[in-house]
Structure formats: structure tokens, C-alpha cells
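> mind looking at a prediction? Sequence and model below.
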Amino acid sequence: MSLQFQLEVQGGAGAQARRTITIDAATEADAIRAALRQGWRVLAIAGQPSATADGATPSGGLLRARAQPFPLLQFSQELLALLEAGLNLSEALATLHSKEAKAGAKATLGEIRRALSQGQSFSETLAAFPAIFPELYVSTVHAAERSGNLPEALARYVAYQLQFDAIRKKLVSAAIYPVMLLAVGTLVTLFLLGYVVPKFSAVYESSGRDIPWMSQMLLGFGRSLAAHPWLCAGVLCALVGGAVACAANAAIRAQLILAVLRLPVLAAKAAEFRLARFYRALSLLLHAGIPLSKALAMVSGMLMPAQQRQLADVRRAVGEGLPFSTALDQQGLATPVAQSLLKVGENTGRLSDMLERSARFHDEEFARWVDWASRLLEPMLMTVIGVVIGGVVVLMYMPIFELAGSLS
């Protein structure tokens, strides 16, 4: 059976150019190997497998060409455990390759083993997969190869990634309850407006009495919703579908997150969170033995564009002999706590440790802020939803209140 795989690749005549090629192969792993033999660097599987000219098609749903993300953290943790157990790198990779069940990850591990068997270093092999192994990871491994302490470098990277994942999970869990509140409140409000309000409208019209203008507006809006139920349902589905599509698209999601993080209340905390990641990544590279100037260039992408320009000035100042802590403080990239700790680190020769301490301090402070903000946001949302639903109910019953007052 032969299938057509669409692969996103890089290389060829333009080393930095990306393109999508189609390769006929029996499996996803065979397609990746064929692309590598042609001189391409495989970045991702770009599409679903399709039948070739001979009419062959996938059967039983056994093949899924939609690229699954390579489990980098899991790979690092398992590789670290095997190395600490006494296996060498080749034996550890062979073990991981044999136990891997996902086709994409298994193919990647197979290509890594093949490259190692041809004499390439581990870091050079990982650098051939830039979409999977970030520059920070490759540089850490490269420095560890020179020092001969790969397990320690992997342990530091795992700790770095676990800390970041813990903060991200805390943010996600803090957002779940407010989102559910908004969804339920919106559905209840739409039910009142689209079903209950039109029933009251029919009663008030049959009575022939004048009703307050605010109640008239509410009843008119409810009648409009009841008169076009499918249109309203279509608009609601379109909004939900658009929200899901935006959340699924990485580029749009990133733009929306950046827009939210520019809000006055969140901008300062977002900048502090980015600085904490910057400190931790820089500490990881310095621990691996990478020079400060090179490490600063490698972690620049973790900062906002304005902060990246400030970091370029920091690199220039450090190159001219200015202390690192002073250069960071002058460019606004050092919080008061980080400034004090970095000065201690420079005086004692433990700069990487002080960067890690600074990152840990700010991560803990950010986690406390997330807890406080979520506890404050939840009652505020409940209050807003209660006011909206209560307002709808009061406006519906206002003509009845006036009628009861006139009768008394």
C-alpha cells in the first residue's frame, strides 16, 4: 500500500525557505526518511495521507498523518531516567525508540539514532529538527557534551519546563470557572429573552395598557429573538465556531493573548512573568557553561519586541565592561529583587544560581497573584450575571408592579 504524505520541509537551494512537498511512502516514517535522503530537513507533517495514483487508500484508520507534537518533556524525562540508571546514550535512545507507539515520534527517534550511528553528535542531530528541539535545548545539550554531564543538563531543562508548565496549568485552571460562569449566564439570559419575555409580551399586548419604555424595549427585543429563532441560533453557532477556530489557530491565539496582555491591569504582570522566564532560561544556559553574551542572544526571543531592544543594549553594555546587574537595571529589565540578587551573584561568582532564585521568587509571586485575581474575578462575574438576569426579570414584571399600584 502506498500513500501520499505532505511534509513541511526546509533546506535545498534556499536554506531558510520552507515549502511543502509530497512523498509517496508506505508509512509516515518512510516518508520522513525519503525526505531526509533528498536533502530536506523535515519540520512537520503538513496534511492527511491520501490515495496515490494506483487507488490505494488508508484502511482501518491505522494511519493518521496529522502531525502529533513530539513529547519533548516526556522524552527528556525518560532519557534522563535511563541515563541515570546507567545506560549509555545509544542504549537509552534504542529503548525509547522500541517502546514508542506514536508513528511520528517513533520516526523522529529512528532518525536520531541513525544520525548518531553515522558519527554525528547528539546536539548536531537535535539541531536538524528545529521544529521539535528549540535552540535553548540544543545549546544546553551541546554544552553538556563538552562537559560530559548530559544527565545534569537534562535535569535542569526538565525542571525549567516543569516550572513553566505549572504556571501555565494554574492560569488555565483559574480561567475555567469564570468561562463556565459566562457561558451559563449567557445561556440563561438568552433563554429569558427568547422564550420567557415573548410570553409576557403577549399578555401585556392583550391587556391594552401602557407599559414603561424600558420594558417596551426589552419586550421588543425578546419578540425579535422569538421571531427569528434559526437566525439567532446560527449567529450563536457562528460566534462559538469563530471562538473555537481562533483558539485552535496558533497565530490568531497568540495575537489575542498579546492584545489581552496589553491591558493596563495585566501588562505589568505579563512583563514580570516574561522576565521570570528570561531569568530561568539564562540560568539554564549559564549552568551549562555557555558564555553570558551568547546566552543573552539565545534567550532574546522570550521577551517582547521592546524588551528585546533593551536586551540588545544590555549586551552592548556588558561587552563594554559594565556589570550585568547594572546593565539590566539601566534598561529596566531587572526588578528590585532581581537587582539585589544579581549583585550578590556577581560578587560571589554564583550568577546562574541567583538568576534561578530570582525566577523562582517571581514565579511564586505570580502564582499568588493568579490565586488572588481568580478569587476576585469569580464574585465579580457572579455579581454582573446576577444584575443582568435580575434586570431582565424586573423589567418583565415592572408593568405588573404598576398595575398592582394603580389598583391599590
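Structure's in. What do you need?
> so how far is the longest helix seen in the chain off the chain centroid?
Ordering each helix of the chain by length in residues (DSSP state H) puts helix 351-407 first. Helix 351-407 sits 24 Å away from the centroid of its parent chain (C-alpha atoms, centre = their mean, to the nearest Å).
> from the contact counts, what lies against it?
Here helix 351-407 touches helix 150-191, helix 197-207, helix 213-227, helix 264-287, helix 336-348, going by 3 or more C-beta pairs under 8 Å, 6 or more residues apart in numbering; DSSP states H and E. C-betas here are computed from N, CA, C, even on glycine.
> tell me how many other residues crowd residue 233.
12 (other C-beta atoms under 10 Å).
> in which helix or strand does it reside?
Assigned by DSSP states H and E, residue 233 belongs to helix 229-248.
> repeat that for residue 6.
Assigned by DSSP H and E, residue 6 belongs to strand 3-11.
> next one: residue 19
strand 14-25.
> please apply the same query to residue 96.
Short version, using DSSP H and E: residue 96 is in helix 89-99.
> and that helix, what other elements does it pack with?
Other elements packing on helix 89-99 under the criterion 3+ C-beta pairs under 8 Å, 6+ apart are helix 72-84, helix 103-117.
> highest mean neighbour count out of those?
helix 103-117 (a mean of 18; mean count of other C-beta atoms under 10 Å).
> output the contacting helices and strands for it.
helix 28-37, helix 89-99, helix 122-127.
> compare the mean pLDDT across those helices and name the weakest.
Out of these, helix 28-37 stands lowest, with a mean of 68 (criterion: mean pLDDT).
> which residue lies closest in space to residue 267, excluding its sequence neighbours?
Ranked by C-beta to C-beta, 6 or more residues apart in numbering and with sequence neighbours excluded, the top spatial neighbour of residue 267 is residue 261, at 6.5 Å.
> residue 140 versus the one you found, what's the distance?
28 Å (C-beta to C-beta, to the nearest Å).
> from what I can see residue 113 touches residue 92, true?
No. Look at residue 113 against residue 92 with C-beta atoms under 8 Å: they stay out of range, at 10.4 Å.
> quick check: neighbours shared by those two?
Residues touching both residue 113 and residue 92 (C-beta atoms under 8 Å, 6 or more residues apart in numbering): there are none.
> could you chop this protein up by domain?
Split into domains by automatic domain parsing, the chain comes to 3-51, 72-162, 274-362.
> turn those into TSV, including distance to residue 218.
As requested, the domains of the chain are exported to TSV (distance: least, C-beta to C-beta, whole Å):
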stretch	distance to residue 218
domain 3-51	49
domain 72-162	52
domain 274-362	45
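> please identify which of the ones you listed is closest to residue 189.
Proximity to residue 189 (C-beta to C-beta) singles out domain 274-362 among those, at 37.2 Å.
> can you list the weak-confidence ranges in the stretch 1-150 of the chain?
Scanning the stretch 1-150 of the chain for pLDDT under 70 picks out 1-3, 10-18, 26-30, 32-33, 41-68.
> one more time with 50
By pLDDT under 50, the weakly predicted segments of the stretch 1-150 of the chain are 1, 13-14, 48, 51-67.
> now do the stretch 201-350 of the chain
Residues of the stretch 201-350 of the chain meeting the criterion pLDDT under 50: none.
> next, count neighbours for the nearest residue to residue 75 once chain neighbours are set aside.
What sits nearest to residue 75 in space, not counting adjacent residues and going by C-beta to C-beta, 6+ apart, is residue 96, at 6.9 Å. The number of residues packed near residue 96 is 19, by other C-beta under 10 Å.
> my guess is residue 96 contacts residue 77, does it?
No. Here residue 96 does not reach residue 77: they are 10.7 Å apart, not a contact under C-beta under 8 Å.
> what number of residues lie near the residue nearest to residue 267?
Number of residues near residue 261 (other C-beta under 10 Å) recorded here: 15.
> same check, this time on the one 10 residues further on
Number of residues near residue 271 (other C-beta under 10 Å) recorded here: 18.
> next: residue 295.
Residues near residue 295, counting by other C-beta under 10 Å: 23.
> now do the contacts for it.
Here residue 295 is in contact with 282, 285-286 (C-beta under 8 Å, 6+ apart).
> ok, which of the helices and strands packed on helix 89-99 comes nearest residue 330?
Of all the helices and strands packed on helix 89-99, it is helix 72-84 that lies closest to residue 330, at 35.7 Å by C-beta to C-beta.
> and the closest one, what does it pack onto?
Secondary elements touching helix 72-84 (3+ C-beta pairs under 8 Å, 6+ apart): helix 89-99, helix 150-191.
> relative to residue 224, how far out is the closest residue to residue 71 other than its chain neighbours?
Distances taken as C-beta to C-beta, 6+ apart put residue 105 closest to residue 71, at 6.5 Å, once the chain neighbours are dropped. Separation of residue 105 from residue 224 (C-beta to C-beta) stands at 53 Å.
> can you list the helices and strands packed on helix 103-117 in TSV and add distance to residue 148?
What follows is those, written out as TSV (distance: least, C-beta to C-beta, whole Å):
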stretch	distance to residue 148
helix 28-37	29
helix 89-99	12
helix 122-127	12
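> so which of those helices is nearest residue 211?
Residue 211 sits nearest to helix 28-37 of all the helices and strands packed on helix 103-117, at 66.9 Å, using C-beta to C-beta.
> got the helices and strands packed on helix 89-99 as a markdown table, with distance to residue 34 columns?
A markdown table is the format used below for the helices and strands packed on helix 89-99 (distance: least, C-beta to C-beta, whole Å):
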| stretch | distance to residue 34 |
| --- | --- |
| helix 72-84 | 24 |
| helix 103-117 | 11 |
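> so residue 334, which state does it fall into?
Assigned with DSSP: H, G, I helix; E, B strand; the rest coil, residue 334 falls in the coil class.
> can I assume residue 321 sits in a helix?
No. Residue 321 sits outside any helix when classified using three-state DSSP, being coil.
> how many neighbours does it have?
Residue 321: 7 surrounding residues under other C-beta under 10 Å.
> please report how far it lies from residue 327.
Look at residue 321 and residue 327: by C-beta to C-beta, they are 10 Å apart.
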